[in-house]
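Asks: Need the 3D shape of this:
(2 chains)
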Amino acid sequence: MSMESTRSDKSAKRSFNNNRNSASSNSNSNPSNKKKKTSQKTLGVAWGSNSRSSSRSSFSNSPFSNFGSYMVEKNRKLQNQFEAEASTSSHGGSGSVKPIFDGVSIFVDGFTVPSSQELRGYMLKHGGRFENYFSRRRVTHIICSNLPDSKIKNLRSFSRGLPVVKPAWILESVAVNKLLSWVPFQLDQLANNQPKLSSFFTLKRSSVSNSASTHAPCQVNPEAEDSSLKVGTSGDTYFSEVSEPFEHRKQISRESDDLVNENSNASLVEETAGSSGKPCEVAMGIPSNIDAEDESSVKNDLQSSHYQPTALVSSNCINNQNMKGSPSSMVSEPSNQSHSTLGDPNFVENYFKNSRLHFIGTWRNRYRKRFHSLSNGFNCTSSNIKASPLKTAIMHVDMDCFFVSVVIRNHPELLDKPVAVCHSDNTKGTAEISSANYPARDYGIKAGMFVRNAKALCPHLVIFPYNFEAYEEVADQFYNVLHKHGNKVQAVSCDEAFLDVTDSEGDPQLLASKIRKEIFETTRCTASVGIAGNMLMARLATRTAKPDGQCYIPPERVDDYLSQLPIKALPGIGHVLEEKLKKQNVWTCGQLRMISKDSLQKDFGLKTGEMLWNYSRGVDNRLVGLIQESKSVGAEVNWGVRFKDLKDAQNFLSNLCKEVSLRLQGCGVEGRTFTLKIKKRRKDAEEPIKYMGHGDCENLSHSTTVPVATDDVEVLQRITKQLFGSFHLDVKEIRGVGLQVSRLESTENSKQGLERNSLKSWLASASARTEELCKNSHVAKESSNRGCEGEGDETLGQLCGNSVGLSIQMDSNTSNGAACLNEVSVLPPLCHLDMGVLKSLPPELFSELNEIYGGKLVDLIAKNKGKTENINHTLSAYSHEKIEGAMKEGQAARLSSMVFQNEIPVENKAEQHIAKEVLAVSGAESFVPASGLKKTDLIPSSLSQVDTSVLQQLPEELKVDILEHLPAHRMQVFSPNVLLDPTEIPLEALGTKTAENNSGSKDFVLDNNLWVGIPPQWVDKFKVSNCLILNILAEMYYKSGSTGNLSPILQRISSVSLHQLDAFQDGWDEAMYILCELLKQYIKLKIELDIEEIYVCFRLLRRFAMKSELFIQVYNIVSPYLQALVGENYGGNLHMSLKD
Amino acid sequence: MAGETARILVEFLEVAITSIVFLKGVYPSGAFERRRYMNLVVQRAHHPQIRDYIHYAVFGLLPFIQKGMVERAVVIFFNTDGIPVERFVFKLAVNLSYGSKVEEADLEFSLRSFLIKLSVSESLTKVLPRDYRWEITAYFRSLPEASANKDVEQWIPTDTRQWEQPPLLIPIKSMSSEPLCVHLYIEHPSLSEPKPQSGEV
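Replies: Below is the predicted model of the structure:
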């Protein structure tokens, strides 16, 4: 049979060819083809021959002596046919211009879109060659859309080192009438062949062939209308048997342009900017790797945009020796840069040069430096804010679509046109829009959208690159205006700030219009202002005010305003929280107000619950203050990271260290803890949609702490190298690297010794939580009656995490745990103050402390007695201010010593024990040593008793210490997680709470939206369910590739032993109920769209039903429903008999 | 836009129906020849009458598909009494108001999967009795006005009988994308359907 089909196949081809062949005069004008013909000697034993081995015998009777000679003959004939056809179908006329595919010879493997015949047609038409049978000698490119695993695994033997390219390469080349570089069109499956970092930044050799000069006009025209015209040239040599190299000009694909842009390999961008006389720069390098067939090297980058003309020249050298000998002369200009080795030494630097996030992130330092004096002046007044309980007026000023407005302020004609800012305007690219103006937003364009999607929505969208200088300039102008009008300015971002205008005279609204007018006059960009009694409401008001407007929300209107406000609008409510609330049928703040604070705190945790309760009432106790001190400094690169070997990676790391070191120095801090974060490609992860993105990754991190803070590059590099080594990773799997330095101390103070380190890092972390403290103080007030009974019986059975979020919940297994020190505020309660220490304080310190304690200190001293009142109230009210004060730059050090001086002695006692430390932290330490209780009692018997959220907020040392004191086996389970990935812990550790969640599960299925969202809602629900089968379903959702279809999930489940599932009895009914609901909703969703999918699902279900009781019931319940719906839509019943 | 989609759909139907006829072995395999369609090897009727019947039948549907009037196109295999034994149903839904450009390649990709699935679906089908016939029947959402278009006249009422019971469905393939939604499923008589033989006796 196979013979038969083979033959008919051939005959079909032959006749097909003959048909077209009629008019051919076999005049082959292509010299290279002739050369090739002579080069055919060994043929035949290609793939084709393998599959035909069975038919070999059938040729014994034929005129051919053997199969080999038959193939020789056949190939010759095919070639003749092809050439004959080519001569008739190729473009006549322009004889001087080389056809696009000159020298390209493709072999099409398997199914392709378009079909191999169409591809053959293109090759015919454009001077290429098409091989019916594979031969390493004649074929230059293998074209295929898909490869079986076996071929992927053994790619080299399959491709013989030839490029394996998608058919799109041919199509696009034809479309632009130029031979493009095949590199971006490499088969997606060849993950390892994906372009790597090294290839982008390695400059091997520049080769601009003469023929490239035909494109010179576009290269030297930086004023071209096309805002980002990129032309690349690359050489691709093919070393044929007769040593005739072919030089191809290629225009590098758009994707590859994109890539270079995104990679921020923009040193060239900078260099060429403004140098219109020299629009094309070509870099020159040395080939790093002779066997670099699969690599491309992006040489240079020509991009003519409105502002930055640059050049992009990509060269792909298969064999550099050949290149040298190639007849076409090469133009190679020495470049300004000399890249000597693998990897662009400037990669990290360049990456961040073009990063908007980086701009925003580092802008603060700049701001701080610039407005240092101003903010200091403000600092001094901040403590008085509380003292004046006037009607406050807070103003929130926000520039309207800052990143766009700044760029187009010089283009008034674009004012009402859709404009977006993005680092690349490649219409097919996966670069993300970073900001869009209002006309563009009307088209549905949003930040974060891929350019290609945005262009699809709005084809005439104008895209500009970033202009960081302009941003800086405008941000400075913006803040100049703000500081002119008020000394209480809190910078939120480069384009957004809060002003406290309580003290200002006149109507805040008038002031607002004045400010807006001034901003517009100085920056030519508009700003919107929201005015209200606190920061929250001011910010919400701005929302209403936008664009280019202002809005005042007087206190009496707050309730009205909020009642209809969607919860999403509140700051702090993200997707997750929103979804949770919506499940409780809370859509607006008004509805949110109905829920009691207790239940909010129960559902969402103390802090969040408190926040929700407050915000929904328009309560916001935050004060307009300073920019918060950063807790860590770091740099992370998650885009374009592909390493070829360890050397690449090391190189990259060392550059990353340089960057981080520079940033540390920029901030004037040094750090002690170094965390290296690695994104590692998941095993089954496919190539990300976003080109060169990181895709689906595992996040790994290791950290280490050194005794002396540092910002030294070499130390950083050494530490990083060690950390990196501890990962034991295959560098090829790495998709992102980040280095973070924490436990910072300012450079000036770093010499003051180690002891201070802990205190300072402590303060830093505490100050960063000022906001938290605000709320906590609130809590503290409420429970102050329990706060400190001060019996002197300090059992401390429980140290609740409320006060600073720093204490640890402990097992109260002490017998005399009658008195609970429940709420410990930042300042030690009076009863805990050590009289000796107090008395020996310097007078000024004492008076300040006294002030803080509301004058009670004097009384205390006088009475010399530890009796306490319910003073937590006052304490916590002030504690916030205190900490805020601690934040102040100039005062931080002084204050820290002040606050903690009375505690230091205790620390100096060097009590190793954790209990001691925890207590020291909570400021209650003075009496503890005296209490003489058994310290071990304080340690939870296992980590499961520790509130992990609290644990995470502890400083590193404490955390480690606590973990050390826990039973060893526990630690193994937990410590890596605790230290590495704080976000995951609550999920796991709080697993016990899931039982509660389940009680609500009946509510959610009624919602009818189990299949809404990505992943569908049921996945999350099921994940936390206590029913095994539901857990499995959720798990399979991810394993099956998260497609949103049920059948792949069920297919996966069929591999699980279903008998076991029946073993559980708990929640049987519930599981059944939920499953039925899930299926019903699915049927409803799919019945009209995809009956096939439903059919597959139910056949699988029926199969399950044969094994599992549960599924029998589910099947029996849902089946009638299904059949009814099918009948409704298709007029029949699904055929579900058990026979097949 | 709708015109382009409809044209692709009709072309596809022609190939798919030929495939069904080939699959059921109505004619000896010599009556077909191998051709490439959508980059797939498919069968094409060699005999001009078969070819023309299929061709004109489906292309006769074109104007109605363009108007969105055709709900189903069915290939019915029936016995000498006109009682259907097996029906291959193409349930069609064309979004006429679909605005943006139809990507032919995308559509082809989906339609191709029908042809692939069809070629392996023989086991799902019934063995046909002797002396059966087949026809292409179209179900309209509303009856076209005969006077309005002479195309209508090409279509004659069918003699094929209906089943009395709702049939059993075996879905073969579904696609649902803008602007085209196609389901292919096989209909078999319900088990409780009175047997054709008993009806005769």
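
Asks: State which helix of chain B is the longest.
Replies: Criterion DSSP state H: the longest helix present in chain B is helix B:2-23.

Asks: Just give me how far it sits from the chain centre.
Replies: On the basis of Cα atoms, centre = their mean, to the nearest Å, helix B:2-23 sits 8 Å off its chain's mean C-alpha point.

Asks: and it, does that touch chain A?
Replies: No. Judged by Cβ under 8 Å from any Cβ of the partner chain, helix B:2-23 and chain A are separated, with a smallest distance of 14.7 Å. For every residue, glycine as well, the C-beta is placed using N, CA and C.

Asks: so what secondary structure elements neighbour the helix or strand that that helix is followed by?
Replies: Next in sequence after helix B:2-23, counting helices and strands by DSSP states H and E, comes strand B:32-37. With contacts defined as 3 or more Cβ pairs under 8 Å, 6 or more residues apart in numbering or on different chains; DSSP states H and E, the packing partners of strand B:32-37 are helix B:2-23, strand B:40-45.

Asks: low pLDDT regions in chain B?
Replies: Across chain B, the ranges flagged by pLDDT under 70 are B:1-2, B:99-102, B:144-154, B:193-201.

Asks: Now render the helices and strands packed on strand B:32-37 as TSV, adding mean neighbour count.
Replies: Output for the helices and strands packed on strand B:32-37, formatted as TSV (neighbours: other Cβ atoms under 10 Å in any protein chain shown):
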stretch	mean neighbour count
helix B:2-23	21
strand B:40-45	18
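
Asks: could you dump those to a markdown table with distance to A:Gly605?
Replies: Converted to a markdown table, the helices and strands packed on strand B:32-37 look like this (distance: least, Cβ to Cβ, whole Å):
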| stretch | distance to A:Gly605 |
| --- | --- |
| helix B:2-23 | 53 |
| strand B:40-45 | 58 |
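
Asks: Now do the contacts for residue 105.
Replies: In the absence of a named chain, this looks at chain A. By Cβ atoms under 8 Å, 6 or more residues apart in numbering or on different chains, A:Ser105 lies in contact with A:Lys36, A:Gly128, A:Arg129, A:Phe130, A:Glu131, A:Arg138, A:Val139, A:Thr140, A:His141.

Asks: wrong chain, I was asking about chain B
Replies: Counting by Cβ under 8 Å, 6+ apart, B:Ala105 touches A:Val113.

Asks: again, but for A:Gln591
Replies: A:Asn585.

Asks: could you measure it against chain B, distance?
Replies: Counting by Cβ to the nearest Cβ, to the nearest Å, the gap from A:Gln591 to chain B is 36 Å.

Asks: for that residue, helix, strand, or coil?
Replies: Classification of A:Gln591 using DSSP: H, G, I helix; E, B strand; the rest coil returns helix.

Asks: can you tell me which helix or strand A:Leu676 belongs to?
Replies: In this structure, A:Leu676 sits in strand A:669-681 according to DSSP H and E.

Asks: Quick one: list the elements packing against that strand.
Replies: Counting by 3+ Cβ pairs under 8 Å, 6+ apart, strand A:669-681 packs on strand A:632-637, strand A:697-710, helix A:713-725, strand A:734-746.

Asks: Paired strands for it, with orientation please.
Replies: strand A:697-710 (antiparallel), strand A:734-746 (antiparallel) (DSSP bridges).

Asks: got the ones you listed as a markdown table, with distance to A:Phe652, mean neighbour count and mean pLDDT columns?
Replies: As requested, those are exported to a markdown table (distance: least, Cβ to Cβ, whole Å; neighbours: other Cβ atoms under 10 Å in any protein chain shown; pLDDT from 0 to 100):
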| stretch | distance to A:Phe652 | mean neighbour count | mean pLDDT |
| --- | --- | --- | --- |
| strand A:697-710 | 16 | 16 | 83 |
| strand A:734-746 | 7 | 22 | 84 |
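
Asks: Distance to A:Asn75 added to these, as TSV?
Replies: Shown next, in TSV, are those (distance: least, Cβ to Cβ, whole Å):
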stretch	distance to A:Asn75
strand A:697-710	47
strand A:734-746	44
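
Asks: Quick one: closest of those to A:Met537.
Replies: Nearest of the strands paired with strand A:669-681 to A:Met537, taken as Cβ to Cβ: strand A:734-746 at 33.6 Å.

Asks: Only alpha carbons, please: show the closest one as CSV.
Replies: Taking Å, rounded to 0.1, in the frame of the first residue of the first chain, the C-alpha atoms of strand A:734-746 are listed here in CSV:
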residue,chain,number,x,y,z
ILE,A,734,17.8,31.8,34.0
ARG,A,735,15.3,34.4,32.9
GLY,A,736,15.8,37.1,35.3
VAL,A,737,18.3,38.3,37.9
GLY,A,738,17.9,40.7,40.7
LEU,A,739,20.2,41.9,43.4
GLN,A,740,18.8,43.6,46.4
VAL,A,741,20.6,45.2,49.3
SER,A,742,18.8,45.7,52.5
ARG,A,743,19.5,46.6,56.1
LEU,A,744,20.8,49.9,54.9
GLU,A,745,22.6,52.4,56.9
SER,A,746,23.6,55.8,55.8
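
Asks: got the angle for it vs helix A:713-725?
Replies: Strand A:734-746 and helix A:713-725 meet at an angle of 140 degrees, taking axes from the mean of the first three to the mean of the last three Cα atoms, to 10 degrees as the criterion.

Asks: Give the buried residues for stretch A:545-562.
Replies: If you call a residue buried by 16 or more other Cβ atoms under 10 Å in any protein chain shown, then stretch A:545-562 has these buried ones: A:Ala545, A:Lys546, A:Asp548, A:Gly549, A:Gln550, A:Cys551, A:Tyr552, A:Ile553, A:Val558, A:Tyr561, A:Leu562.

Asks: and it, how far apart are its ends?
Replies: With Cα to Cα, to the nearest Å as the measure, stretch A:545-562 spans 15 Å from end to end.

Asks: Convert the C-alpha atoms of stretch B:56-75 to CSV, please.
Replies: C-alpha atoms of stretch B:56-75 as CSV (Å, rounded to 0.1, in the frame of the first residue of the first chain):
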residue,chain,number,x,y,z
TYR,B,56,-23.7,23.4,-7.2
ALA,B,57,-25.5,22.4,-4.0
VAL,B,58,-23.2,24.1,-1.7
PHE,B,59,-22.5,27.1,-4.0
GLY,B,60,-26.2,27.4,-4.3
LEU,B,61,-26.2,28.0,-0.6
LEU,B,62,-23.8,30.9,-0.9
PRO,B,63,-26.2,33.8,-1.3
PHE,B,64,-28.3,32.5,1.6
ILE,B,65,-25.3,32.0,3.8
GLN,B,66,-24.3,35.5,3.0
LYS,B,67,-27.7,36.6,4.3
GLY,B,68,-27.3,34.4,7.3
MET,B,69,-30.4,32.4,6.5
VAL,B,70,-28.9,28.9,6.5
GLU,B,71,-29.0,27.2,9.8
ARG,B,72,-27.8,23.8,9.0
ALA,B,73,-26.4,22.0,6.0
VAL,B,74,-27.0,18.3,6.3
VAL,B,75,-25.7,15.3,4.4
